[in-house]
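[1] Give me a model of this one.
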Amino acid sequence: MDRNLKRLLPILTMLIFPFLGMVYHWVNQPQASVYSLMTSVDYAVPFVRFFVLPYSIWIFYIYVCLIYFFIKDIKVYYRTLLIYTLCALLCYFIYSIFQTTVPRPYLVENDIFTQLTKYVYNRDLPYNCFPSIHCFSCYLVMKSIYKSPFKNRLNQTLIYSMSTTIILSTFLVKQHAILDAIAGFLIVELVYLIIARVEIELNPSLNKPNKMGEVYRG
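    As a prediction, this is how the structure comes out:
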């Protein structure tokens, strides 16, 4: 097999996304009890149809980040993809036992952003809300770039700004409540901590100080 082709084979692990998408749609159904986690702050947040654009390109943005990590450092790529998968499966489990919803606005305009919002609403039923997959995944790539050995001012600025914009869009297009985002962040922190602990257990040398006196923190 060609050496360059062999080097690209690990990128096929991203084929996990179609499987995760099928599971997502399987659990995206109303149950006997559907709860609301909306707060007064959530109700005060206005609907801003222009933010449907960053909201809609979310998954492509995550793909681009993963491919970038793959190119720069295969270990960062594998860790990010693994944590994404575990967080997504944990979200699906929560959806299956604790289904929440977010009230959506009645759309009357006919501009392109409103039409795109209608498409998003029709394609994605308002039930898989807590925790937010949009929010956890954007937070995850921010954490991954921060922890990476190849971070610099440019890639951090680009990833932080885009991730923050997408997270804000989940509130401004009325797809998620603030508690959905907070839960997403906490899930990433939990799974990241577990993965770091497992890595240390498998490789105890990671827990020893390096020449700079630093200890591996995941």
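[2] State the pLDDT value of the residue positioned nearest the centre of the chain.
    The central residue of the chain, meaning the one whose C-alpha is nearest the mean C-alpha position (C-alpha atoms, centre = their mean), is Ser137 at 1.3 Å. Predicted confidence (pLDDT) at Ser137: the value is 98.
[3] Report the contact partners of it.
    Residues counted as contacts of Ser137 (C-beta atoms under 8 Å, 6 or more residues apart in numbering) are Trp58, Ile62, Tyr84, Cys87, Gly184. All C-beta spots, glycine's among them, are computed from the backbone N, C-alpha and C.
[4] Can you give me the pLDDT of the residue nearest to Arg104 when sequence neighbours are not counted?
    Nearest residue to Arg104 in three dimensions, chain neighbours excluded: Lys174, at 5.2 Å (C-beta to C-beta, 6 or more residues apart in numbering). With respect to pLDDT, Lys174 has a value of 97.
[5] For Lys174, which residues are in contact?
    Phe47, Val102, Pro103, Arg104, Pro105.
[6] Same check on Pro10?
    When the contact criterion is C-beta under 8 Å, 6+ apart, the partners of Pro10 are Phe70, Ile74, Tyr77, Tyr78.
[7] and if we set it to 6 Å?
    Contacts of Pro10 were listed using C-beta atoms under 6 Å, 6 or more residues apart in numbering, and none were found.
[8] just the helices in the chain please.
    Assigned by DSSP state H, the chain shows helices spanning 3-8, 16-27, 40-44, 52-56, 58-72, 74-97, 112-123, 133-147, 153-172, 178-202.
[9] what is the rounded mean pLDDT of the first one?
    So the one you mean is helix 3-8. Helix 3-8 shows an average pLDDT of 72 in the prediction.
[10] Could you do the third one as well?
    Summarised as a single mean, pLDDT over helix 40-44 is 97.
[11] now do the fourth one
    Here the mean pLDDT over helix 52-56 is 97, rounded to a whole number.
[12] Centre of the chain to that helix, how far?
    Put simply, helix 52-56 sits 14 Å off its chain's centre (C-alpha atoms, centre = their mean, to the nearest Å).
[13] Same question for the longest one.
    Averaging C-alpha coordinates over helix 178-202 and over its chain gives two centres that are 12 Å apart (C-alpha atoms, centre = their mean).
[14] got the angle for that helix vs helix 74-97?
    Relative orientation of helix 178-202 and helix 74-97, computed by axes from the mean of the first three to the mean of the last three C-alpha atoms, to 10 degrees: 130 degrees.
[15] what mean pLDDT does helix 178-202 have?
    In this model, helix 178-202 has a mean pLDDT of 94.
[16] how about that helix: buried residues?
    Within helix 178-202, the residues that count as buried by 16 or more other C-beta atoms under 10 Å are 178-181, 183-185, 187-188, 191-192, 196, 200.
[17] Likewise for the second one?
    Of the residues in helix 16-27, those with enough neighbours to count as buried (16+ other C-beta under 10 Å) are Phe17, Leu20, Tyr24, Val27.
[18] distance of the third one from Phe17?
    Computed with C-beta to C-beta, to the nearest Å, the distance linking Tyr24 and Phe17 is 10 Å.
[19] Quickly note the distance from the residue nearest to Arg104 to Met162.
    Lys174 sits 21 Å away from Met162, going by C-beta to C-beta.
[20] Among the buried residues of helix 16-27, find me the one that's closest to Phe113.
    The shortest separation between Phe113 and any of the buried residues of helix 16-27 is 24.4 Å, and it belongs to Tyr24 (by C-beta to C-beta).
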